[in-house]
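> sequence isn't available, so here's the structure alone:
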């Protein structure tokens, strides 16, 4: 099992450019999440998807959109990148069984720089 | 306003000694708490958790203590090993909000050999 995979690993964008961060999991998990990690801030939830076909906003959704393409894949799109979106982005997933312990499995992250 | 706070940005401990990482929270509705460990260039990995109905949970060298009245939890690592050097995140969840986790800012632990 690859677990949770994310592409790309690194990306540099100019202000105003758009891009999509891809996330896939092969653990048959129902729920998937996108977080951003900034120095001194911990991880903050951007969007989550409790199941295929549903998405909801987290703590910091502004400037982002998401798509739950199928059970495996959950993508994060930046329509018009801004320097404030420079961050490390993590995708995570969990199953209904793990839901009772709130344990989430994380991908390796995408380091995004917006100039 | 951060609901989960880790007030120590870093901690340095000698190999073999005890490491104690602390976490405070403000939301009394949190009912589950977790610790995650993160190495550079990797995603966080789950370490240990505790339900609000307990005050202690132990897993090998790792023990988490919960003091609900003080809204405080701590992670004890005994004995500390150089491989424990990482960033440790405290996280909390509230059943009403499902699987959403609120994370602290993290503490960098350095175990010196």
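Here it is on my side, so go on. These numbers come from a predicted model, not from an experiment.
> got the contact list for the residue in chain A that chain B sits nearest to?
Across chain A, the shortest distance to chain B (CB to the nearest CB) belongs to residue A:106, at 3.2 Å. Placement of C-beta: from N, CA and C, glycine included. Applying CB atoms under 8 Å, 6 or more residues apart in numbering or on different chains, we find residue A:106 in contact with A:4, A:90-92, B:36, B:43-45.
> contact partners for the residue nearest to residue B:92 when sequence neighbours are not counted?
Residue nearest to residue B:92 in three dimensions, not counting chain neighbours: residue B:30, with 4.1 Å by CB to CB, 6 or more residues apart in numbering or on different chains. Contact analysis of residue B:30 by CB under 8 Å, 6+ apart lists B:3, B:52, B:92-94, B:102.
> neighbour-wise, which of the residues you listed leads?
Sorting those by how many neighbours each has (other CB atoms under 10 Å in any protein chain shown) puts residue B:92 first, at 25 neighbours.
> what helix or strand is the residue nearest to residue B:92 on?
Per DSSP states H and E, residue B:30 falls between elements, in no helix or strand.
> now do it against chain A, distance only.
Using CB to the nearest CB, to the nearest Å, residue B:30 is found at 10 Å from chain A.
> repeat that for residue B:90.
9 Å.
> repeat that for residue B:22.
15 Å.
> what helix or strand does that residue sit in?
Element membership for residue B:22, per DSSP H and E: strand B:19-25.
> neighbouring contacts of that strand?
B:3-8, B:11, B:13, B:33, B:35, B:70-78, B:80, B:84, B:88, B:90, B:92, B:104, B:107, B:109, B:111.
> what helices or strands is the following helix or strand past that strand leaning on?
Scanning forward in sequence from strand B:19-25 by DSSP H and E, the next helix or strand is strand B:32-38. Counting contacts by 3 or more CB pairs under 8 Å, 6 or more residues apart in numbering or on different chains; DSSP states H and E, strand B:32-38 packs against strand B:19-25, strand B:45-51, strand B:62-67, strand B:86-93.
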